[in-house]
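Colleague: Build the 3D model from these lines:
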Amino acid sequence: MHTGFWIWGERPVNITGSWLAQAVCADQVRAVRLVLTFIIALGLLFAGCRRPERAASPLRKVVFQTDWFPQAEHGGFYQALARGYYADAGLDVEILPGGPGAAIKIKVAKGDATFGMQRTDDTAMAVANGLPLVAVAATMQHDAEALLLHADSPVRDFADLNGRTIMAPVSMVWIPFLQQKYGIKFDLIPTTYGLGAFLGDKSFIQSCFLTSEPFHAMEKGVAVRTLPLTEAGYDIYQAIVCRRELVRNEPELVREFVAASIRGWHDYLARDPAPANQLILARNPNMSSAQLDYSRRALIEHALVVGFPDRGEAIGRIDLARVQREIDLLREFKVLDQPLRASEVATTEFLPEPAR
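Modeller: Coordinates of the predicted model:
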């Protein structure tokens, strides 16, 4: 066996093999180069014939209709969007802001929105009226709605509302509930979604959310108190709802959206909320960082999203027995005309295992 060197370009290469060791003349060098060129070309040809990599599946479009303008009460959804949890689940999610006249039930029922935010009492009423909706996960374990009072108001309990005037959305189910439970009557003023009248009148009472209006009142230097509806025994879920048709025909889409949303809420409440807050501030010019901080703290302090673990509550969880109690309560106070089963209003089928 002979060993020699030959030149490729300017770099000497050690070649082992008897026939290569004799490649000392120009003709033989050119022959070797032709052989190598042929081998390289052949390799490229076979490489080009390989099956191309499968293109990534396109993200599935999802439209999520919220109940109000972007705020901390939507933080988990915006966190899932900002951190890419929806994209990880194969979803291209568009979050639509709500507000007065958002018509969530109608948009979801018609298919203009894939999912929407809806209270379970409103969902029960909608189902009773023939809308094909179903709650698939809880956004809030407890109702954040309350009555806003001045700190020195003589109203100390719900029974003290008798004969007074309250500004509230007149279609809310809790209004006849309070009147019948406590045997009281109060006048209603349709809500203006503002605090102007409240700030100017110490006897004024209006509906509010624990996460929002108290902040604005205190920001104006007005001391306030609240009567949470949960203290009256009216405690419903805020939920993610969709069409019945969707859960039948596209169960995986429902399951993926629910799981990614729950993941977003865990992240927003337990970790850095900045990704969601940046999106919220960009999309809602009337929002401030101070209000976002206040609202997020209220969500945590009142256990509105996480709930109380000793009661078996967790982010996203829906207890069908509790939904049935809500329905029975609405029936007892003649708010709901027809009987309904909890399974007609909500399902736990699409919750990830830890939330069941």
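Colleague: Downstream of the one helix or strand residue 257 maps to, the next helix or strand is which one?
Modeller: Using DSSP states H and E, residue 257 maps to helix 251-270. Next along the chain after helix 251-270, taking DSSP H and E as the criterion, comes helix 274-283.
Colleague: got the angle for the helix or strand following that next one vs helix 251-270?
Modeller: Per DSSP H and E, helix 274-283 leads on to helix 289-301 as the next helix or strand towards the C-terminus. Orientation of helix 289-301 against helix 251-270 (axes from the mean of the first three to the mean of the last three CA atoms, to 10 degrees) gives an angle of 110 degrees.
Colleague: Tell me which residues of the next helix-or-strand element following helix 289-301 come out buried.
Modeller: Going down the chain from helix 289-301, the next helix or strand is helix 320-332, by DSSP H and E. By 16 or more other CB atoms under 10 Å, the buried positions in helix 320-332 come out as 322-324, 326-327, 329-330. Glycine gets a C-beta too; all of them are placed from N, C-alpha and C.
Colleague: got CSV for these, with distance to residue 120 too?
Modeller: CSV is the format used below for those (distance: CB to CB, whole Å):
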residue, distance to residue 120
322, 9
323, 6
324, 11
326, 6
327, 9
329, 11
330, 10
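Colleague: tell me the angle the strand ranked longest in the chain makes with helix 289-301.
Modeller: Secondary structure of the chain read by DSSP state E shows that its longest strand is strand 133-140. For strand 133-140 against helix 289-301, the angle by the same axes, to 10 degrees is 100 degrees.
Colleague: residues in contact with strand 133-140?
Modeller: 73, 76, 105, 108-109, 115, 117-118, 120, 123, 126-127, 237-244, 247, 254, 258, 261-262, 304-305, 315-318, 323, 344-347, 349-351, 355 (CB atoms under 8 Å, 6 or more residues apart in numbering).
Colleague: Just the buried residues out of the residues you listed, in ChimeraX syntax.
Modeller: Selecting only the buried entries of these in ChimeraX, with 16+ other CB under 10 Å as the criterion:
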select :73,76,105,108,109,115,117,118,120,123,126,127,237,238,239,240,241,242,243,247,254,258,261,262,304,305,315,316,317,318,323,344,345,346,347,350,351,355
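Colleague: where along the stretch 51-200 of the chain do the strands fall?
Modeller: 60-65, 91-96, 115-119, 133-140, 145-150, 165-168, 187-190 (DSSP state E, counting those that start in this stretch).
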